[in-house]
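Asker: Give the three-dimensional model of this entry:
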Amino acid sequence: MNKKKTNINYPGWELKYFDKSKNFRNYQLDLVKRFIKGVVAEVGPGNGTNLSYYIKYSKKIDLYEPTKKLFLSLNKNFKKNKKIFIYNKKFFTQKNKYNTILYLDVLEHINEDKKEILKAFQSIKKNGHLIINVPAYSHLFSQFDRDVGHYRRYDKKYIKKIIKDLKFNKIYLKYYDSIGYFLSLISNILSTNYKKNFDYKVKVWNFLIPLSKIIDFLICNLFGKSLLIIIKK
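Answerer: Sure thing, here's the model as predicted:
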């Protein structure tokens, strides 16, 4: 189902590489699936890769994709699915509408992240969940982040600061993907041309995700390439 269109220019060239990363997507799903239910919104779904991982847990899904090219791709692939509604616009406040709202590697693309979180939080029903996945640690910020339009990377302290005024029930903060952290750190230290053999590098990282899961468990998620934030209203 199509709605009013806007045109936001986000190239999303990296998506075709990360969309193939099934090990990472499955790891991410394992961490969030118990919080996904009912009426769901995903903000910035890109090509819709995450849908195949969580669709069975939802009753109805609204997708908010402001980039026209990605919106058209979503519309082509999912317009026949009657429980999916696709909007070519930024997310806007809809008070107490959703059981779950997902921002999976999207918040870092939004300059006014605090305002975005407030909009999303106001749109969640009581006992619903706001699920946010972001890249972790400012010291890992790289040319890649700049090239794909990231404003920042995150840590737990910063998240606690920008949500301190929200009247939430519970908050869950968790670093994960320790192998990804070391790969990113090494790349930054060596100042390598990250685009060289980029596809191969992503495949190696994804291949190592099972090892990352083991290490994350052993170190009690002390650090990681990604930070997961789950806020219960």
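
Asker: What lies in contact with the longest strand belonging to the chain?
Answerer: Scanning the chain for the strand with the most residues, using DSSP state E, yields strand 124-135. Strand 124-135 is contacted by residues 28, 32, 35-36, 38, 96-105, 107-108, 117, 120-121, 145, 150, 153-154, 169, 225-233 when judged by CB atoms under 8 Å, 6 or more residues apart in numbering. (C-beta placed from N, C-alpha, C; glycine too.)

Asker: now stretch 44-53, how far from the centre of its chain.
Answerer: Distance, stretch centre to chain centre, for stretch 44-53: 10 Å (CA atoms, centre = their mean, to the nearest Å).

Asker: re the thing from before, what subset of the contacts of strand 124-135 is buried?
Answerer: 28, 32, 35-36, 98-105, 107-108, 117, 120-121, 145, 150, 153-154, 225-231, 233 (16 or more other CB atoms under 10 Å).

Asker: Output the contacting helices and strands for the helix or strand of the chain with the lowest mean pLDDT.
Answerer: Sorting the helices and strands of the chain by mean pLDDT, DSSP states H and E puts helix 15-18 at the bottom, at a mean of 87. Here helix 15-18 touches helix 198-207, going by 3 or more CB pairs under 8 Å, 6 or more residues apart in numbering; DSSP states H and E.

Asker: Alpha carbons only: can I get the helix it packs on in PDB?
Answerer: The C-alpha trace of helix 198-207 is given here as PDB (Å, rounded to 0.1, in the frame of the first residue of the first chain):
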ATOM      1  CA  PHE A 198      35.100  -4.700   0.500                       C
ATOM      2  CA  ASP A 199      32.900  -7.600  -0.400                       C
ATOM      3  CA  TYR A 200      35.500 -10.200   0.700                       C
ATOM      4  CA  LYS A 201      36.000  -8.300   4.000                       C
ATOM      5  CA  VAL A 202      32.300  -8.400   4.800                       C
ATOM      6  CA  LYS A 203      32.100 -12.100   4.000                       C
ATOM      7  CA  VAL A 204      35.000 -12.800   6.300                       C
ATOM      8  CA  TRP A 205      33.400 -10.800   9.100                       C
ATOM      9  CA  ASN A 206      30.100 -12.600   8.600                       C
ATOM     10  CA  PHE A 207      31.800 -16.000   8.600                       C
END
